[in-house]
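A.B. asks: Build the 3D model from these lines:
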Amino acid sequence: MKKWVKILLWVVGVIVALLALVSLLGGPIAKGYVNRHGEQLTGRTVHVDHVGLNLFTGHVNIRGLNMYEDDGEAVFASFDTLDVKAHLLKLPFKTLYMKHIALSGLKAQILQEGERFNFSSLIEHFASDEEEKDTTPSNWTLKFYNVRLSHARVAYRDVASQKQWLLPDINLRVPGFVLGGKEESTGGLSIGFDDGGRLNIGASYDAHSSSFELNAHLTDFALENIEELLSDAIRTEGIDGTAEANITVKGSVSELLRSRIGGNVTLNGVALQCNDQKVATLKTLGVKVNNINLEANNYDISSVHLDGLEASYENWADHNTLSNLIVKKEAETPDSSDNVEHSAKTEKAKPLRFTVGQLTVSNCSLTYDDHTLPDPLHLPITGISITASNINTAGENNARLRASLPGGGKLTVIWNGAIDNWKQHQDLVLSVKGLDMKQLSPWVVAYTGQPIEDGVFGLSSHNTIVNSNIEGENSIDIYKAKVGHRRKDVTPEQKLPLRTALYILKDKDDKIQLDVPVKGNVDSPEFNYMKAVWKTLGNLLVKVATSPVRAVGNALGFSDDELDFIAVDPTQHSLTSEQYHTLGKLAEAAQYDTSIVLTLERHLPADSTGRYEIIDKMIQEYLTDQGVSQRRIHMNEGKATDEKGRHGYTIGSKTKLIDE
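C.D. replies: Next comes the predicted model:
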């Protein structure tokens, strides 16, 4: 054998022997080095139980690694086993080829104190302020195959607020992922949640087209998992219920905001509790999404179905259910640069476009309690259902609501109008039928100081808004209304003779029909719809109560002139046909409502004293003959003439029901 061949074989043999020795001793050496110099390498104490290394196969196996917190006592992160196998012969060709990477039993504890995390020191250790960023594109290709993360556990805790959450079971499987190449990559992630539920995510990426697809499937997710996360926004003492979702996201990594998002989300058995009481419960909520495009600010919802919502709203003088529930954050004062940046973003933002193909609400109820009134108001509204089609922010909409009211009443609302520019056009029809009026008594007491003791209430209201101008036609229908005496312990917003007026307004069948128009401009700061209704209604009630004869006469079809004045010649000795006609109408009005006490104010000259006594007697005799009792007829002395210079009797009235 030639000498050079012997030398070559000898050299190769030595190299193989050295590699074998390194493979045998490299693991223990690496283990010892890591345990001795881990703090120098990472800034943390590191301990590893075993390191296995094989340079021939490119295989590395590490078991029992623990990295400690800055104090060197508590464990920050650990794992059971890390097994890696690389294709070392690819390195000279600028390719990092990992045949498999398997990590099992990872455990990490993330702590937050203010804006600092317990891993912040790690980032600072490896960061270099002096090193310039290299923006030159890398010509290396990174290939990762058979990547697996098994049964990882991650816990988070905010030290200040003691908020915490736990992800007890995280699993990742990536069959293949390539950076710098043109191959398609796929992978899957599975996350188990501490309080129940699992999220499975499947993803694929085409490096050639930069397109991706992500599919997320959430099952039996307990809403209790997000209670801590919501605590900055709402105050809760418990959130029950589960969620399910199937979401698909398709797009390009170079244009993420143009991605198409679709799928469906369902909530079941939701219950929200605050201040030791349930604020709302929900049987089910289902939302189907056609497409969400964040760049276009377009939200296209196929359908929304809500069933079995039960909610309560309570109002006190200084707080309400929502203020109890929602956490109010202190307003931050932005500096001028923030304002400029915000303005620039606002100018570029595209208008929101929101559409819902079909909205269905069924079997819902709302209970309203108002503790700000003299008498507590408790108003349950049940059987609420809403149907609407093609709801959108850029055009006309229509919806219909039906509900049941206390005492067998029914509520119907029909709405047509715009959302984005609501002042331009609205058309709202409201119908209330068969409402037990006692339910409204706390409101009426607050406004008028008089309670409602009985009656059935109906309302037909048609309101339109055109270019901020509102017109409302309200027809009120009341049957067998009974109003109690004025409350001395209440200072009403308006002092109305409600008890008297409603009694007078009743027809022979114990019905009341009132028309209350409302006009105004919704842009006016002084405009308030309910105050406008009460003002119009109050003016009507005052007019009726102060002129009951005229009001009853009008109801019977008489003109104001017929029940206003009885002209008399001071020299006459008997009543004329015209005077008998007026007195007949007056008697008819008085007989229609027996609570009316007639008052006739005399306007005759002083020198006709003997003669007007005769006329007084003739009037009284005629009225009593027509069925008006003597005690209901009052004759008062007035001036020689009325304000128009006439002689005769001014017809006035009062009633036994006028409130003191």
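A.B. asks: quick one: which helix or strand includes the residue nearest the centre of the chain?
C.D. replies: Closest to where the C-alpha atoms of the chain average out (Cα atoms, centre = their mean) is Leu322, at 9.4 Å. If you go by DSSP states H and E, Leu322 is part of helix 321-325.
A.B. asks: Just the CA atoms of that helix, as CSV, please.
C.D. replies: C-alpha atoms of helix 321-325 as CSV (Å, rounded to 0.1, in the frame of the first residue of the first chain):
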residue,chain,number,x,y,z
THR,A,321,-77.2,49.2,36.3
LEU,A,322,-74.9,50.2,33.5
SER,A,323,-72.8,52.5,35.7
ASN,A,324,-72.4,49.7,38.2
LEU,A,325,-71.3,47.3,35.5
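A.B. asks: Begin at 3, not 1, for the rest of this chat.
C.D. replies: Done: numbering now begins at 3, and the last item shifts to helix 323-327.
A.B. asks: buried sites along it?
C.D. replies: Judged by neighbour count using 16 or more other Cβ atoms under 10 Å, the buried positions of helix 323-327 are Thr323, Leu327. Placement of C-beta: from N, CA and C, glycine included.
A.B. asks: cool, stretch 466-478 as well?
C.D. replies: In terms of neighbour count (16+ other Cβ under 10 Å), stretch 466-478 has its buried residues at Thr466, Ile467, Ile472, Gly474, Asn476, Ile478.
A.B. asks: for the stretch 353-502 of the chain, which spans come out with low pLDDT?
C.D. replies: Counting by pLDDT under 70, the ranges of the stretch 353-502 of the chain that qualify are 502.
A.B. asks: Strands of that one, start to end?
C.D. replies: Residue ranges of the strands in the stretch 353-502 of the chain, as given by DSSP state E, counting those that start in this stretch, are 355-372, 379-394, 398-407, 411-420, 427-438, 454-468, 471-485.
A.B. asks: now do the stretch 3-152 of the chain
C.D. replies: 48-56, 61-70, 77-88, 97-106, 109-115, 118-119, 143-160.
A.B. asks: can you list these in TSV and add mean neighbour count?
C.D. replies: As requested, these are exported to TSV (neighbours: other Cβ atoms under 10 Å):
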stretch	mean neighbour count
strand 48-56	17
strand 61-70	18
strand 77-88	18
strand 97-106	17
strand 109-115	17
strand 118-119	12
strand 143-160	17
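A.B. asks: Relative to Pro30, which of the ones you listed is closest?
C.D. replies: Distances from Pro30 to each of the strands of the stretch 3-152 of the chain were compared using Cβ to Cβ; the minimum, 7.3 Å, belongs to strand 48-56.
A.B. asks: Report the mean confidence score over stretch 204-219.
C.D. replies: Averaging pLDDT along stretch 204-219 yields 90.
A.B. asks: how far does that stretch stretch from start to finish?
C.D. replies: Using Cα to Cα, to the nearest Å, the span of stretch 204-219 from its first residue to its last is 9 Å.
A.B. asks: what's next to it, contact-wise?
C.D. replies: Contacts with stretch 204-219, where a contact means Cβ atoms under 8 Å, 6 or more residues apart in numbering, come from 179-180, 183-191, 201-203, 247-256, 265.
A.B. asks: CA-only coordinates of the helix or strand harbouring Glu230, as PDB, when you get a sec.
C.D. replies: Counting by DSSP H and E, the element that carries Glu230 is helix 229-232. The C-alpha atoms that make up helix 229-232 are tabulated as PDB, following Å, rounded to 0.1, in the frame of the first residue of the first chain:
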ATOM      1  CA  GLU A 229     -63.700  37.000  33.300                       C
ATOM      2  CA  GLU A 230     -60.300  38.300  34.400                       C
ATOM      3  CA  LEU A 231     -59.600  39.800  31.000                       C
ATOM      4  CA  LEU A 232     -62.900  41.700  31.100                       C
END
